[in-house]
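# Here is the input, now give the coordinates:
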Amino acid sequence: MSIKILLVGSGGREDAIATKLQESGAEIYAAMGNRNPSILRYSRASLIARETDWDKILNFAILNKVDLAFIGPDPVLATPLVDSLTDKGVPTASPSMNAARIETDKIFMRNLLEKHGVAGGVLNKSFTSEKECTEWISSYQKDFVVKPRGLTGGKGVRVMGDHFSSSQEGLNYALDIIKKDGSVLIEEKLVGEEFSLQAFTDGTTLTGMPLAQDYKRAYEGDTGPNTGGMGSITDSEHLLPFIDRKSRDDAFNILKQVSIALRNEGYPFRGIMYGQFMLTQSGVRLIEINARFADPEGINVLSILQDSLVDILFGVANGNLSSRINFLKKATVLRYVVPIGYGSQPKPGRLSIDPLKDKSTKMYYAAVNGSLSSIEMTSSRSIAIVGIAESIPDAAKKVDAASSLVHGEYYMRRDIGTAEMLARKMARFRH
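Residues are numbered from 1 along each chain as shown. Just a heads-up that it's a prediction; the model follows:
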């Protein structure tokens, strides 16, 4: 008898998860916000509803007697769904509402790290008072970052020099957030090379995945507005050309310290812990922690995962995760197909898609409706194309070739993973 798994989410990340679950022999019960045609083809049954309608999803899971649940999107982790599934006896390979606060509440995350002396911290101050925020920013003489406390889909954080040019502009944004949300987080601006490290954890054992780097800015050359992510890369040795093994190990140790801190607080974290880090001149610093697979970086690593995802998720949920998980020694490049104007004023249309023939290229469907060959875009990301090869530039060429199978008006950053982009990064790394 097949294992029944509830999968919540309908984006490209969830399509990659569904693909691996199906390859592992699972029977998928999908709760989705849109009728993703790829996830639907793998699903025994589906519920189309807002993904934060947790009570509907809970009833769907109970009705279908699922054996395991897994949550894809971060907004769902801010609802009581995981706790309610656990109360009903459904093993869940995603963190409880309290444990997920390391992502859903940035002020909680910073306070937790400081309380437990976790390495990699940054100068930060949180404010509920407009007067105190004004006084502090007016006296701070360095560049800074303004962060809303809660979830913003990767689009709410603003960095001085990138999104605003003066302290006054940053202050105005911070005050707007206080008026809207009641609090705001200000952090020092870090300078260096960003990278992502994701790990499976059962609350005690932490097993890392290949390093990745994502590209949030909408336009080539890392310009334009922030987005949910335009693409990402991983390398064949599971490091990155500009991130050394010691830096990777330092990042992994930070994640382990976060896991221990949560366990000591009484909130053991079971699921995917994903850290965004910056390699600075003074070492590895932690930008933020997330409580689920990254999108897009999670798609890269899932595309080269060799072990059964079903077995891994049961290990996460049941507290017996293996300390070794295998990934292909290949490089990957992912680029998202998005509507024209994505990041500012998207103009979604229709796309037709020819079948893939190259098995070293993957195509995952995201925020779309329709069929596998004809999709209706929404205002968000549409198709993730992943190339797999011996090197990052060769993987990028596979994405270039596969993009010719997508017909219609769309935009894609063509610079992600190219030799030219890597050369620029390596030049900065050597300095």
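
# Give me the helices and strands touching the lengthiest strand in the chain, please.
As assigned by DSSP state E, the longest strand anywhere in the chain is strand 223-234. Where contact means 3 or more C-beta pairs under 8 Å, 6 or more residues apart in numbering; DSSP states H and E, strand 223-234 is packed against strand 213-219, helix 297-303, strand 331-337. Heads up, the C-betas are built off the backbone N, CA and C, glycines and all.

# helix or strand right after the last one?
Helices and strands here follow DSSP states H and E; after strand 331-337, the next one along the chain is strand 350-353.

# Now that next one: buried residues?
Residues of strand 350-353 classed as buried by neighbour count (16 or more other C-beta atoms under 10 Å): Leu351, Ile353.

# Begin at 483, not 1, for the rest of this chat.
All set: I'll call the first residue 483, so the last point we hit is now strand 832-835.

# quick one: strands adjacent to that strand?
Sheet pairing of strand 832-835 (DSSP bridges) gives strand 856-859 (antiparallel), strand 888-889 (antiparallel).

# Please work out the average pLDDT along the first one.
Along strand 856-859, the predicted local confidence has a mean pLDDT of 97.

# Show me which positions of that strand end up buried.
Within strand 856-859, the residues that qualify as buried are Ile857, Met859, counting by 16+ other C-beta under 10 Å.

# who's in contact with it?
519, 821, 830-835, 847, 849-852, 864-865, 892 (C-beta atoms under 8 Å, 6 or more residues apart in numbering).

# Need the pLDDT of the residue nearest the centre of the chain.
Centroid-nearest residue in the chain: Ala776, 1.7 Å away (criterion: C-alpha atoms, centre = their mean). At Ala776, the model reports a pLDDT of 97.

# before we move on, the earlier item: could you pick out the buried ones from the contacts of strand 856-859?
Taking 16+ other C-beta under 10 Å as the criterion, what is buried in the contacts of strand 856-859 is Pro519, Pro821, Pro830, Leu833, Ile835, Tyr847, Ala849, Val850, Gly852, Ser864, Ile865, Tyr892.

# ok, which stretches of this protein are helices?
Per DSSP state H, the chain carries helices over the ranges 494-505, 519-524, 536-545, 556-559, 563-569, 583-586, 588-597, 612-621, 649-663, 727-746, 779-785, 791-800, 874-885, 901-912.

# Quickly list the domain ranges of the protein.
486-584, 605-670, 675-912 (automatic domain parsing).

# Which one of the ones you listed lies nearest to Asn593?
Of all the domains of the chain, it is domain 605-670 that lies closest to Asn593, at 8.1 Å by C-beta to C-beta.

# Against which helices or strands is the lowest-mean-pLDDT helix or strand in the chain packed?
Using mean pLDDT, DSSP states H and E, helix 901-912 stands out as the lowest-scoring helix or strand of the chain, at a mean of 86. Secondary-structure packing of helix 901-912 (3+ C-beta pairs under 8 Å, 6+ apart): strand 675-683, helix 874-885.

# ok, and for the longest one, which residues are buried?
Okay, so that is helix 874-885. Ile874, Pro875, Asp876, Ala877, Ala878, Lys879, Lys880, Val881, Asp882, Ala884, Ser885.

# Could you work out the most separated pair of those residues?
Ile874 and Ser885 (16.7 Å).

# related to what we said a few turns ago, let me know the closest of the buried ones among the contacts of strand 856-859 to Asp644.
Closest approach between the buried ones among the contacts of strand 856-859 and Asp644, by C-beta to C-beta: Pro821, at 23.2 Å.

# thought that closest one was touching Met894?
No. Between Pro821 and Met894 there is no contact under C-beta atoms under 8 Å: 10.9 Å.

# and the angle for the least confident helix or strand of the chain with strand 695-701?
Interaxial angle, helix 901-912 versus strand 695-701 (axes from the mean of the first three to the mean of the last three C-alpha atoms, to 10 degrees): 120 degrees.

# Show me the contact partners of helix 901-912.
Helix 901-912 is contacted by residues Glu675, Pro723, Phe724, Ile874, Pro875, Asp897 when judged by C-beta under 8 Å, 6+ apart.

# with the residues you listed in mind, which one is nearest to Ala500?
The closest of the contacts of helix 901-912, once distances to Ala500 are taken by C-beta to C-beta, is Ile874, at 26.1 Å.

# Assess the claim that the closest one and Glu719 are in contact.
No. Under the criterion of C-beta under 8 Å, Ile874 makes no contact with Glu719, lying 11.0 Å away.

# any shared contact partners between the two?
Common neighbours of Ile874 and Glu719 (C-beta under 8 Å, 6+ apart) do not exist.

# Report the mean per-residue pLDDT for stretch 828-837.
What stretch 828-837 shows for mean pLDDT is 97.

# now that stretch: how far from the chain's centre is it?
For stretch 828-837, the separation from the chain centroid amounts to 24 Å (computed by C-alpha atoms, centre = their mean, to the nearest Å).

# Kindly report the same for stretch 845-857.
How far stretch 845-857 lies from its chain's middle: 20 Å, per C-alpha atoms, centre = their mean.

# quick one: the longest strand of the chain to helix 494-505, angle?
Using the same axes, to 10 degrees: strand 705-716 against helix 494-505 is 20 degrees.

# So in terms of bridging, what pairs with Tyr511?
Leu488, Ala527.

# For Phe552, see how far away it is.
11 Å (C-beta to C-beta, to the nearest Å).

# returning to that earlier point: kindly reformat the helices and strands packed on helix 901-912 as CSV containing mean pLDDT and distance to Lys613.
CSV is the format used below for the helices and strands packed on helix 901-912 (pLDDT from 0 to 100; distance: least, C-beta to C-beta, whole Å):
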stretch, mean pLDDT, distance to Lys613
strand 675-683, 97, 33
helix 874-885, 98, 49
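
# Of all those, which one comes closest to Ile786?
helix 874-885 (10.5 Å).

# how big is the angle separating that closest one from strand 695-701?
Using the same axes, to 10 degrees: helix 874-885 against strand 695-701 is 50 degrees.
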